[in-house]
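J.: mind looking at a prediction? Sequence and model below.
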Amino acid sequence: MAADHPYLVCGLVAQSSVTSDPRFLVFTPGVSSGARGDAHGQQYVTPETAVLERGADVVIVGRGITRAENPAQTAREYAETAYGAYLKRVA
């Protein structure tokens with residue numbers, strides 16, 4: 001559907017890239033630097049895995065930031081790590 005309506009869709013939320021069409025960004029949830037899973041069955045991947053192996057353009061981090069001792073610093077660290085992985089991917 002996204003390919004049929006690129007004027008309405010800028011990206012897709014997915015665990016891994018579902019298209020090779022460069023018009024669409026891939027937003028990947030379930031990213032955490034430390035945790036691998038939780039008591040609710042959530043499975044996490046690292047920012048590097050999300051970007052380098054799964055093709056994420058944007059990583060979505062929730063509890064890894066909101067439950068951190070210093071959320072602002074932790075958010076910066078995630079941004080730096082994910083961007084560093086992105087630079088490796090496009091090099």
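T.: Arrived safely.

J.: quick check, residue 40 in a helix?
T.: No: counting by DSSP: H, G, I helix; E, B strand; the rest coil, residue 40 is not found in a helix; it is coil.

J.: residue ranges in the protein under the pLDDT threshold?
T.: Within the chain, the segments meeting pLDDT under 70 span 35.

J.: determine the longest helix present in it.
T.: The residue-count maximum for a helix in the chain (DSSP state H) belongs to helix 71-90.

J.: so which elements touch it?
T.: Under the contact definition 3 or more Cβ pairs under 8 Å, 6 or more residues apart in numbering; DSSP states H and E, helix 71-90 sits against helix 47-48, helix 63-66. Just so you know, the C-beta spots here come from the backbone N, C-alpha and C atoms, and that holds for glycine as well.

J.: show me how far that helix is from its chain's centre.
T.: Here the centre of helix 71-90 is set off from its chain's centre by 10 Å, with Cα atoms, centre = their mean, to the nearest Å.

J.: run a quick neighbour tally on the residue nearest to residue 56 when sequence neighbours are not counted.
T.: Closest residue to residue 56 apart from its sequence neighbours, by Cβ to Cβ, 6 or more residues apart in numbering: residue 28 at 3.7 Å. Per other Cβ atoms under 10 Å, the neighbour tally for residue 28 reads 25.
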